[in-house]
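Visitor: Give me a 3D structure for the following:
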Amino acid sequence: AEEQALLARAAEEREKERADELELVANFQAEQLNAVDPPTMGLQIRSDLLDNIRTAALRSGASETEADQRVAQASELLSAADFTGTALHALEENILLPAVEAARTSFADQPLMRAKLIQTTSNNAHRLGLYTFARDIQAEASGLFQSELPADDQAVLDSRQQLALFMRSSGQFEEAETMYRELLSEALRLFGDEHPVTARYMSNLGVHLSDIGQAEESLELERQARDIYTATLGPLHLDTIRSTGNIGAALANLDRPEEAFTEYYAALEGLRKTVGDDDSHTFRQLSNIATLHLKQGDFGAAEEILRESVEGNRRVLGNDHPLTHVSIDNLGNALYRQQKYEEATRYAQEAFEGRQRTLGPNHPDTLRSVYNLGMIYQTQKNDERASEQFRRAAGGFRVAYGEFHPNTITARTNLTGTIFRLGRWTEIETHLFDELHLLETRADAPTDRHESIIRAIGILYRYWDEAEPGNGYDAKSAEWVQRLEDFRAANAEPAS
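Guide: Residues are numbered from 1 along each chain as shown. You can find the predicted model right below:
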């Protein structure tokens, strides 16, 4: 019996050693992937491909000139190819997916270790911008944690919180909201309504709701969270101060600027007392204050604050930190509003390149930078480049947020304007009728957007007739003016 116990203990120790070794490998992989830059990797793939084309041409007997011509032809054909996406696909297929499969195979009988390793891989995938893949394998990890551990175990709660975040990143906003609400409900059941863990889930739901336009409920949740934090952790705890900042954000979204400034500056004062001036939380709060100044039209005050924020973020966090990109982007916006277009373009371009490099080309923050560049080009009457940016932003926002999200609609509206000014009548006709078809077939289509597209079609034909008279566009314009009147009549509010 004693020998059997020793053998069992030895087997258990070997299994633990194997798990520790695999965890070390996973951590080493994470460190290596931190240095991976998908856009640069994509450029290298493209360069290698062109080099191979040239080498193959020379081996087949082509002259140097002929080989160069083949490379030039290939380069032109590849100009629209997404090599960043190719790089990400290669990382997913050759590194991340095998890591998940190894965890599934090696720890088939150890679900907790399997969950931990898969969750590590999901974090790596999310950092690289593989949001759907990260979400799907995080769902697997979270399910394993839930099947093996009590509902109130921190690993379970953390895994579900991570899943909600990845849902947001991949555009599943309704699913993320459901998850955040479930977590809050679970926290209330497990810890009651006066516990800081409950406050954390209140605040997480509040931030999400504020981001998707439900600021009233967000404000209520953040105030409840702050009350709990103040009572349990004290007024100068970082969680308490963060809730104060979140209250300011909800008030700003509700267009209550004076109250928002009060909360923002209270949060800033608390941060300077607790973490100091050179801290990412302080810089984030400065950026929030500057953004509200921008919203209120006080661009000079915003610029002054943002220059301080950019300098501090560069010094403390580095040029490629997401908070640095936020402050750079906001500074570009402040300069743009003051018609300092050359400097604005420089900062907007830096923010875009940094976000594309660190977050990937399809991240909502990257798309916002794309949109901002479009606005600068549009103001400078460079409609060709502006249309390129607005088209990319509109397509990305549609995937990330949905067809009728304000960001999607705004980008599409600006795209319509640039195409219109370029006089591409057929292109704009197709663009408008595609959206009209969508509006007519979706039950959730906003009436005001439907009306604006009908009006735009009438305007299109009027200007088209002026540019190319005698082709019947005047009759089409009159037809759509009548359709607009009919639509307004059909959707008018009944008289009281």
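
Visitor: Is it correct that residue 270 is in contact with residue 241?
Guide: Yes. With contact defined as CB atoms under 8 Å, residue 270 reaches residue 241; the gap is 4.0 Å. Placement of C-beta: from N, CA and C, glycine included.

Visitor: Can you measure across stretch 208-220, start residue to end residue?
Guide: With CA to CA, to the nearest Å as the measure, the ends of stretch 208-220 fall 13 Å from one another.

Visitor: How far off centre is it?
Guide: With CA atoms, centre = their mean, to the nearest Å as the basis, stretch 208-220 stands 18 Å off its chain's centre.

Visitor: Give me the buried positions along that stretch.
Guide: By neighbour count with 16 or more other CB atoms under 10 Å, stretch 208-220 contains the buried residues 208-211, 214-215, 218-219.

Visitor: tell me the mean pLDDT for it?
Guide: For stretch 208-220, the per-residue pLDDT values average out at 91.

Visitor: where along the stretch 1-150 of the chain do the strands fall?
Guide: Per DSSP state E, counting those that start in this stretch, the stretch 1-150 of the chain has no strands. Nothing in it meets that criterion.

Visitor: residue ranges for the helices of it, please.
Guide: Along the stretch 1-150 of the chain, counting by DSSP state H, counting those that start in this stretch, helices occupy 2-34, 38-59, 64-77, 83-91, 97-106, 111-128, 131-148.

Visitor: And stretch 416-428, how far out from the chain middle?
Guide: 29 Å.

Visitor: quick one: contacts of it?
Guide: Identification of contacts with stretch 416-428 by CB atoms under 8 Å, 6 or more residues apart in numbering yields 374, 378, 383-384, 386-387, 390, 431-432, 456, 460, 463-464, 467-468.

Visitor: try it again with 10 Å
Guide: Here stretch 416-428 makes contact (CB atoms under 10 Å, 6 or more residues apart in numbering) with 374, 377-378, 381-391, 394, 415, 429-432, 435, 452-453, 456-457, 459-461, 463-465, 467-468, 473.

Visitor: Could you tell me which of those residues count as buried?
Guide: Those of the contacts of stretch 416-428 that meet the buried threshold are 374, 377-378, 383, 386-391, 394, 415, 429, 431-432, 435, 452-453, 456-457, 459-461, 464-465, 473, by 16+ other CB under 10 Å.

Visitor: Spell out for me which residue occupies the centre of the chain.
Guide: Geometric centre of the chain, nearest residue: residue 364, 2.8 Å, by CA atoms, centre = their mean.

Visitor: what's the distance between that residue and residue 448?
Guide: 24 Å (CB to CB, to the nearest Å).

Visitor: returning to what we had before: for the helices of the stretch 1-150 of the chain, state which one has the densest average packing.
Guide: Mean neighbour count (mean count of other CB atoms under 10 Å) peaks for helix 111-128 among the helices of the stretch 1-150 of the chain, with a mean of 22.

Visitor: same for that helix, what does it pack against?
Guide: Applying 3 or more CB pairs under 10 Å, 6 or more residues apart in numbering; DSSP states H and E, we find helix 111-128 packed against helix 2-34, helix 83-91, helix 97-106, helix 131-148, helix 154-169, helix 341-359.

Visitor: and residue 188, what element?
Guide: Per DSSP states H and E, residue 188 falls inside helix 173-191.

Visitor: which secondary structure elements does the helix or strand just after that helix contact?
Guide: Helices and strands here follow DSSP H and E; after helix 173-191, the next one along the chain is helix 196-211. If you count contacts as 3+ CB pairs under 10 Å, 6+ apart, helix 196-211 packs onto helix 154-169, helix 173-191, helix 215-232, helix 238-253.

Visitor: Against which helices or strands is the helix holding residue 188 packed?
Guide: Using 3+ CB pairs under 10 Å, 6+ apart, the elements in contact with helix 173-191 are helix 131-148, helix 154-169, helix 196-211.

Visitor: Go through that helix and flag the buried ones.
Guide: Under the neighbour-count criterion of 16+ other CB under 10 Å, helix 173-191 has 173, 176-177, 179-180, 183-184, 186-187, 191 buried.

Visitor: same check, this time on stretch 445-453
Guide: So, applying 16+ other CB under 10 Å, buried residues of stretch 445-453: 445, 449-450, 452-453.

Visitor: Next one: residue 296, what pLDDT does it get?
Guide: The predicted local confidence for residue 296 is 92.

Visitor: can you tell me how far it sits from residue 260?
Guide: For residue 296 relative to residue 260 (CB to CB), the value is 10 Å.

Visitor: now do residue 142
Guide: Distance from residue 142 to residue 260, by CB to CB: 35 Å.

Visitor: Also residue 100?
Guide: Distance from residue 100 to residue 260, by CB to CB: 44 Å.

Visitor: Name the helix or strand of this structure that has the lowest mean pLDDT.
Guide: Sorting the helices and strands of the chain by mean pLDDT, DSSP states H and E puts helix 2-34 at the bottom, at a mean of 62.

Visitor: can you tell me which residues contact residue 217?
Guide: 205-206, 209-210, 250.

Visitor: close enough to count as contact, residue 171 and residue 132?
Guide: Yes. Using CB atoms under 10 Å, residue 171 is in contact with residue 132, at 8.8 Å.

Visitor: list the contacts for residue 283?
Guide: Residues counted as contacts of residue 283 (CB under 10 Å, 6+ apart) are 271, 277, 308-317, 321, 323-324, 326-327.

Visitor: Filter these down to the ones in helices?
Guide: Of the contacts of residue 283, the ones assigned to helices by DSSP state H are 271, 308-316, 323-324, 326-327.

Visitor: quick one: low-confidence parts of this structure?
Guide: For the chain, applying pLDDT under 70 flags the ranges 1-39, 79-82, 84, 495-496.

Visitor: try it again with 80
Guide: For the chain, residues meeting the criterion pLDDT under 80 lie at 1-43, 76-88, 127-129, 169-171, 357-363, 399-402, 493-496.

Visitor: If any of the contacts of residue 283 are buried, put those into a ChimeraX selection.
Guide: The command below creates a ChimeraX selection of those among the contacts of residue 283 that count as buried (16+ other CB under 10 Å):
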select :271,309,310,312,313,316,317,321,323,324,326,327
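
Visitor: that older thread, neighbour-wise, which of residue 296 and residue 260 wins?
Guide: residue 260 (23 against 16; other CB atoms under 10 Å).

Visitor: distance between stretch 449-456 and the chain's centre?
Guide: Per CA atoms, centre = their mean, the centroid offset for stretch 449-456 relative to its chain is 28 Å.

Visitor: contacts for it?
Guide: Applying CB under 10 Å, 6+ apart, the set of residues contacting stretch 449-456 is 403-404, 409, 412-413, 416-417, 420, 428, 431-436, 438-440, 442, 445-446, 480-481, 483-488, 491.

Visitor: I appreciate the help and will end here.
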